[in-house]
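> Structure for this input, please:
(3 chains)
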Amino acid sequence: MHRVLRNRSLVLGALIIFAILFVAVFASWLVSFPLNEMNMAHRLAPPDSEHWMGTDNFGRDLWTRIAFGSRLSLLIALSSVGVSATLGTLIGLSVAYFGGWLDLLFMRVVDVFLGFPVIILALTLVAVLGSGPVNVTIALIAVFWTQYVRVVRSIALAERERDYVEAARAIGASSWRILSHHLLPNSLGPVIVLATLGLGTAIVAESALSFLGFGVQPPAPSWGWTLAYGMRYLRVDPYLSIFPGLAIMITVLGFNLFGDGLRDLLDPRGISR
Amino acid sequence: MLSYVIRRVLLLIPMMLGIVVILFGLMRLIPGDPAVVLLGQDATPQAIAQMHHALGLDRPLIVQLGIYIAHLAVGDLGRSIFQHDPVSQIVLVHLSATVELTVTALFLAIVIGLPLGIVAAVRQGSVIDMANMVFAQLGVSMPVFWLGILLMFWFAVLLGWLPAFGRGAPLLQAIAAALSGHPQVLVDSLRHLAMPAFALGLNGAAFISRITRSSMLDVLHEDYIRTALAKGLTGWKVVYHHTLRNAFLPIISVIGLQFGTLLGGAVLTETIFSWPGVGRLAVGAISQRDYPLLQGTVLVIALLFSLVNLAVDLLYALIDPRIRFD
Amino acid sequence: MKRLVKLVAVLGLIAFIAGLTAGDWVTPAQAQQAEVSVLRVGTDVDAGTLDPRLEQDTTAYRVTNLIYDGLVQLDAKLQPQPDLAVSWKNPDPKTWIFQLRSGVKFQDGTPVTAEDVVYTFQTMLDPNFGAPHRGLYTPIEKVEAIDAHTVKFTLKQPYAPLLSYLDLGIVPKHVAEKEGQNFGSHPIGSGPFKLVRWDKASKIVLEANPDFWGGEPQFIKKIEVDVVPDNTARAQALEAGDLDLIQSPLSPQDVKRLAKDKRFTTVQMTGTGYTYLNFNTKDPILSDVKVRQALAMLVDQKTIVDQIYQGIDKAATSILLPGSWAYTDTIKQPSYDPQRAKALLAQEGWKDTNGDGILDKNGKKLSIVLSTHSEDPNRIQVVEYLQNIFKQNGIDSTVNISDWPSFIANVQDGKYQIALLGWLNLVDPDRAMYNQLHTGGGFNWGGYSNPQVDQLLDKGRTASSQDERAKAYREAAKIIAEEVPYYILTYQGYQVIYTTALKGFVPNSLGMLRSLVHASLGGP
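Numbers count the residues shown, from 1 in each chain, chains lettered A, B, ... in the order given. Take a look at the predicted model:
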């Protein structure tokens, strides 16, 4: 416990994440305007006592949009990273354990996905599937899953040759047992670290897609979408691009710090880097 | 070593084929096709059918794919549907712009990140170290498109120091012009390059400073360094002669990986600063459904990316004799 | 290693600082003074081709108009004026004879002859050539050369709008045939400027043509067309002195700001297009004309025009453009009135029977999808705003924004309910209505059909006097405003903003830059 508290990144990251989760969960209590209430006469207003972040291009309260936007961002990030990590870990373990043609086949598939320029692959997928939170999540999974396969596979490959696995196999443990009791626990640490850092990446990726017009559909309060609009009003109302950008940056910062701290904690020498 | 390189290069073939097949399929699943874009909204169904025929899009998909791969095998990437020029020619022109941007960004990243990381490691726990950590964390967390907007707002809109968009003369040409007595051409190129390269490079700078710091620290804690320090060698000498050389390995690998990341990140930077590179070319090709152009662009980016990775791995082996490829 | 690190660091710092501070040494204004004769024009997209027969985007239109001559040029009021043709006769409604200017040379030095005109139109009409705007010329039966300087057009039926479309650039037969597909990248015309360089996706550089029949452009020797896709970035580039002239499409808030800036001249005029809501009359809900009228009453046109378009585009009253000879201000579309809209919907059986806040009828919800494309930020805002109003008034409405190809492919297939889009370059009312709203018309995606409108549109196309045509179009426009297959939202404005140093430039609502021939870039 002492080590945990001494780890400044971990503590700071956890605090930031906690704050953002708090905003996401209690958004309805933290804001004083309905999410979609427009007021065209009061659009692009600078921050004042009523709207402390100002209003957007429809006169909606910017703080309300950003607070509810955290739900969208976190939901897409958590689900895309969660599925990618689970899928990637399962595939990585299986191909490492069974090896042979299965390994060969999957690693070629992984190569193909890694060869794609990330944003182009995601853009193309959203263009095929159409906009919307579910489709954006699917596109992000397609981009993210491969890194987990690679990491888990290399750890499992090393573990597979260790004596205790040999021993387990010798006493007749089933494949499933070896996979779940021996290989999985060893891979879990690095996967958790990778996933935590991946959450930050996912949040940036979602806003980048929305920014390019390939994200969720309005009136969903996406940070990237708000930022894309903010850019058009930079001269008139810089707050409209400053606040959503800050929201993205702080959230990503939280996950990065937490991930770094976690890595130090689980792996002080930084071998899994 | 040679056989390793050959094997790696051969592995590129299934990868490229996979990319072609996936991209080919995906592009044709997107609603709307090049005929629709080419003819605009005032196109009659007959005109669209005729255009499909002219572009060969009325043939079965598998035949179209076969023809494309057959051409690819002899190095022919086809012609762009919208620009009418050979895809290879278009991609090459844009690639030079992207490489110029990426290399400059990487250069800035190294120039900023490396000294910061070294100083932070040597003066561990100092104010400089703290400042560096803050910089590194913020730099990594800052979305490139937001940084781009902020830079543009500050340097182009408010201060008017730098051009808000576009590219000057290609850097190599500009240097040649400067040498033959036209320095303003080079100045113009650098002014155009400054903001996008910085926006793109900051992320990398943060990464490099972090890795430099931590791998320097790893080495600094090794026994032989302690011995060297105990023998009375002064701090900076130890840093240069012993530490940096041994800490270089992870730094090189991160720099190599950064190059790939920068190539990918260039899409957003190029969009914001209207930089005429491959990233914007690819996004444009998607939105126009220019099938051959997108396929060609992505293939070239993927190839470049893979070759850079290979080069990094080889460099690794050159620096660290312990590594052997088989 | 030590030296290397040092060297890299020092070099990098020098380069970076040089790059940053370079602005102090050569300001854009100084650079500009060095080359007064260069005009830098900002544009939103690169030209797809510089072959006028294949052109599709506005950049290609505007640039080919400088490189090539047409038989006619459209003036600021969109009236055809002599260009390559010095005069024309219309001996009967189906025959047009054009007398060509003599002594005109293409930029490769060969003379412009009737054969080149015939070739241009023949290829244009050839279905296999794939000209996007072939449809405008299909009423032409044949084009013949009577002698080296006389061309005869024979029509299938009388076609009143023809002259407005004859500004098509004439290409040299011998070059176009030889170059084939490459001609679009290596254009040769007879216009006042010729292409010297084209960096795809970046810039097009034109140079004054010393052999131009109207005399070599005196002051502007070079035109550089820079591609800056983002509207706001383009406006900022003008402010930073990196561009001299920008034109629509622009963001309303940028136009507002620049109009107040003393360094620039801002000209705003009615454009040649309208933005409209296309109602799919084949949709089970929208086939009811009363429902269409009710939904039109929910369009808060005033707020949209004042706030989203900042008054840059004007509130439309009918499908007839204010700049057109057919225009009248007596036609009215349904006006914003949520109360009446609700009453009308109730009258048609759409009521909230289950108390969920959403209107329904026979157990089905009143669901409406509003679609538009992602390239135009104003249209996205309009759709988002309308969705909000619809929702407040008990309509289960959603927004569907996709990129242009997906969007237009769905619309062309009739897979939409209400779509927001626009028509451009409407140099004749026929072009704004015939194919759009005639039964079975080529662009009648919503399947609108009214025999009376059909008859009026046919009359407008064939009648010989402009008065008769105007009368027919006004009657048709009145019916359209009532039955709402189209709700015309705005008349698109055309804006051009340029440095005050540019003198003698006459803006034209199509965005054509021909008048630069006589313009100069003197001091401010």
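> Output the set of residues of the stretch 51-200 of chain A in proximity to chain C.
Neighbours of chain C within the stretch 51-200 of chain A, by Cβ under 8 Å from any Cβ of the partner chain: A:57-58, A:127, A:130-131. Every C-beta, even on glycine, is put in place using the N, C-alpha and C of the backbone.
> Please verify my assumption that residue C:509 contacts residue C:267.
No: counting by Cβ atoms under 8 Å, residue C:509 sits too far from residue C:267 to count as a contact (9.9 Å).
> Which of the two has more residues huddled nearby?
For residue C:509 and residue C:267, the more surrounded residue by other Cβ atoms under 10 Å in any protein chain shown is residue C:509, and the numbers stand at 24 against 15.
> For that one, give me the pLDDT.
pLDDT recorded at residue C:509 is 87.
> Excluding sequence neighbours, find me the nearest residue to it.
Spatial nearest neighbour of residue C:509, excluding adjacent residues (Cβ to Cβ, 6 or more residues apart in numbering or on different chains): residue C:494 at 4.6 Å.
> other SSEs contacting the host helix or strand of that neighbour?
Here residue C:494, judged by DSSP states H and E, is contained in strand C:486-499. Applying 3 or more Cβ pairs under 8 Å, 6 or more residues apart in numbering or on different chains; DSSP states H and E, one finds that strand C:486-499 makes contact with helix C:231-239, strand C:245-247, helix C:252-259, strand C:264-279, strand C:314-315.
> Which residues of chain C lie near chain A?
Contacts of chain C with chain A, taken as Cβ under 8 Å from any Cβ, map to C:231-232, C:251, C:253-254, C:257, C:303, C:307, C:374-375, C:377, C:380-381, C:383-385, C:387-388, C:391, C:398-403, C:406.
> how about low-confidence regions in chain B?
Filtered on pLDDT under 70, chain B yields the residue ranges B:229-242, B:245, B:319-326.
> for the one residue in the stretch 1-150 of chain A that gets nearest to chain C, what are its contacts?
Residue of the stretch 1-150 of chain A nearest chain C, by Cβ to the nearest Cβ: residue A:40 (4.8 Å). Residues in contact with residue A:40 (Cβ atoms under 8 Å, 6 or more residues apart in numbering or on different chains) are A:58-59, C:303, C:307, C:385.
> So which of those are in helices?
The members of these that map onto helices under DSSP state H are C:303, C:385.
> Give me the buried subset of the contacts of residue A:40.
Listed as buried from these are A:58-59, C:307, C:385; burial here means 16 or more other Cβ atoms under 10 Å in any protein chain shown.
> tell me the two of those residues that are most distant?
Spanning the widest gap among those are A:59 and C:385, at 10.3 Å by Cβ to Cβ.
> Can you list the strands that the strand holding residue C:494 pairs with?
Sheet pairing of strand C:486-499 (DSSP bridges) gives strand C:245-247 (antiparallel), strand C:264-279 (antiparallel), strand C:314-315 (antiparallel).
> in which helix or strand would I find the residue nearest the centre of chain B?
Nearest to the mean C-alpha position of chain B, by Cα atoms, centre = their mean, lies residue B:263 at 1.6 Å. Taking DSSP H and E as the criterion, residue B:263 maps to helix B:245-272.
> Next, residue C:108: phi, psi?
According to degrees, to the nearest 10, the main-chain angles of residue C:108 amount to phi -100, psi 10.
> any idea what sits nearest it, other than its immediate chain neighbours?
residue C:188 (5.2 Å).
> Residue C:308 - nearest residue in space that isn't next to it in sequence?
Among residues not flanking residue C:308 along the chain, residue C:381 sits closest, at 4.9 Å (Cβ to Cβ, 6+ apart).
> going on from the helix or strand harbouring the one you found, what's the next piece of helix or strand?
Using DSSP H and E, residue C:381 sits within helix C:377-392. Note on helix C:377-392: by DSSP H and E, the next helix or strand toward the C-terminus is strand C:396-402.
> what lines up beside that next one in the sheet?
strand C:367-373 (parallel).
> buried set for the strand it pairs with?
Judged by neighbour count (16+ other Cβ under 10 Å), strand C:367-373 contains these buried residues: C:368-373.
> Pull the contacting residues for the closest residue to chain B within chain C.
Taking Cβ to the nearest Cβ, chain B has its nearest neighbour within chain C at residue C:405, 2.9 Å off. Each residue near residue C:405 by Cβ under 8 Å, 6+ apart is listed here: B:30-34, B:36-37, B:287-289.
> Now rank those by neighbours and give me the top one.
The most crowded member of the contacts of residue C:405, judged by other Cβ under 10 Å, is residue B:289 (27 neighbours).
> does that one really touch residue B:29, like I thought?
No: with contact defined as Cβ under 8 Å, residue B:289 does not reach residue B:29; the gap is 11.2 Å.
> if we can go back for a sec, quick check: which of the strands paired with strand C:486-499 is nearest to residue A:95?
Closest among these, using Cβ to Cβ: strand C:264-279, at 51.9 Å.
> and the angle for the closest one with helix C:231-239?
170 degrees (axes from the mean of the first three to the mean of the last three Cα atoms, to 10 degrees).
> ok, then the element right after strand C:264-279?
Using DSSP H and E, the helix or strand that follows strand C:264-279 in sequence is helix C:289-296.
> pLDDT of stretch C:156-167, averaged?
pLDDT averaged over stretch C:156-167 gives 91.
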